[in-house]
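A.B. asks: The sequence and its predicted three-dimensional model are supplied below.
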Amino acid sequence: MSAPRTTPAPASWWRWTPPRRSSPTRPTSAPRTTSPDGSGEASSMTEQTRKTFHAEIEEISDLIVQLAARAGDSVARATDALLTYDLAEAQQIIDDDDAIDVAALEVEERCQSLLALQQPMAGDLRQILAAMWITAELERTGGLACNICKGARRMFPAELPPKLRGLIAEMSEEAIRLIRLSVDSYSERDAGLASALDDIDDRLDSLHRVFVRNLLEVSRSKDLDVQPAMQLALIARYYERIGDHAVNVSDRVRYMVSGVMPWRDKMTRHPTREESVVQDPSPGSTEVSPNGENKTD
């Protein structure tokens, strides 16, 4: 099946070539049955149809890796624009996000076409569903990079205190690392690596908390005005969300490989806002704030 090719992803950030997968044993869509005359004709996908299906899946996987490269490159460029006060570059990154949206739409349309034409089942179906979900996470990652650039424009010309600059650089590096690891797990179908990302993301969460504490200290000392301080708080949150989207990608990889749904366990572990807030606190008690957030946004 021929399909339009996207422009190769920038190589400045994604210095990595995914290994070519060696035709692993793939799950069949349905049990193969023979016709009444014993001709051996399959009742589900013919052999040629299956070859076409898996060739299309390989192309979709390559497009997703390219999309991840674009998203990661946008995060790296957004950080540079923020730290160097480069408003022109920030605007360019915002404009370039359209290419990420177009690439994501192409993957989504090709997945929908496969669902309609091939009607896959079992592992084949999970591959398509995971591809669509992962594409959505990467598209949102590109959107968060744009939000970082918009925050940089709003806080200009305020200068970043040195301590906060260092923490921003660390958060960016960790967020990009999580994107890279998540797409590695997807490209290699590595459920073990995917399972490890939740713990790896803890470092980015910790950096985010440290950043917020330092931001409060800087604000109290009057070294930073309220408006840029608010923008920095949002920017730090964007980096933390980028890490969450990478973890979501890894969860979809685990589902694709094994059929498990890690996000269901997380929904059980993290109570909803209504459950985690005391509705009618007793006299003298303090209202409890939400103690966790779901990572599916």
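C.D. replies: Here it is on my side, so go on. Numbering: from 1, shown residues only.
A.B. asks: Low-confidence stretches in the stretch 101-250 of the chain?
C.D. replies: Within the stretch 101-250 of the chain, the stretches with pLDDT under 70 are 118-120.
A.B. asks: what helix or strand is the residue lying closest to residue 107 once chain neighbours are set aside on?
C.D. replies: Nearest residue to residue 107, sequence neighbours excluded (Cβ to Cβ, 6 or more residues apart in numbering): residue 135, at 4.5 Å. In short, each C-beta sits where N, CA and C put it, glycine included. For residue 135, the element it lies in under DSSP states H and E is helix 122-155.
A.B. asks: name the helices or strands packed onto that helix?
C.D. replies: The helices and strands touching helix 122-155, judged by 3 or more Cβ pairs under 8 Å, 6 or more residues apart in numbering; DSSP states H and E, are helix 47-84, helix 87-118, helix 162-187, helix 226-258.
A.B. asks: one more time with 7 Å
C.D. replies: helix 47-84, helix 87-118, helix 226-258 (3 or more Cβ pairs under 7 Å, 6 or more residues apart in numbering; DSSP states H and E).
A.B. asks: Share the number of residues neighbouring residue 259, please.
C.D. replies: 11 (other Cβ atoms under 10 Å).
A.B. asks: Pretty sure residue 108 is one of the things the residue nearest to residue 107 touches, is it not?
C.D. replies: Yes. Between residue 135 and residue 108 there is a contact under Cβ atoms under 7 Å: 6.0 Å.
A.B. asks: Counting neighbours around each, name which of these two comes out higher.
C.D. replies: Of the pair residue 135 and residue 108, residue 135 is the one with more neighbours under other Cβ under 10 Å, namely 25 against 16.
A.B. asks: list the contacts for that one?
C.D. replies: 64, 67, 104, 107-108 (Cβ atoms under 7 Å, 6 or more residues apart in numbering).
A.B. asks: which among the residues you listed gets closest to residue 195?
C.D. replies: residue 64 (19.6 Å; Cβ to Cβ).
A.B. asks: quick one: the closest one and residue 107 touch, right?
C.D. replies: Yes. Using Cβ under 7 Å, residue 64 is in contact with residue 107, at 6.2 Å.
A.B. asks: list residues touching both of these two?
C.D. replies: Going by Cβ under 7 Å, 6+ apart, residues that sit against residue 64 and also against residue 107 are 131, 135.
A.B. asks: Tell me, how many residues neighbour residue 162?
C.D. replies: When neighbours are counted by other Cβ under 10 Å, residue 162 comes out with 8.
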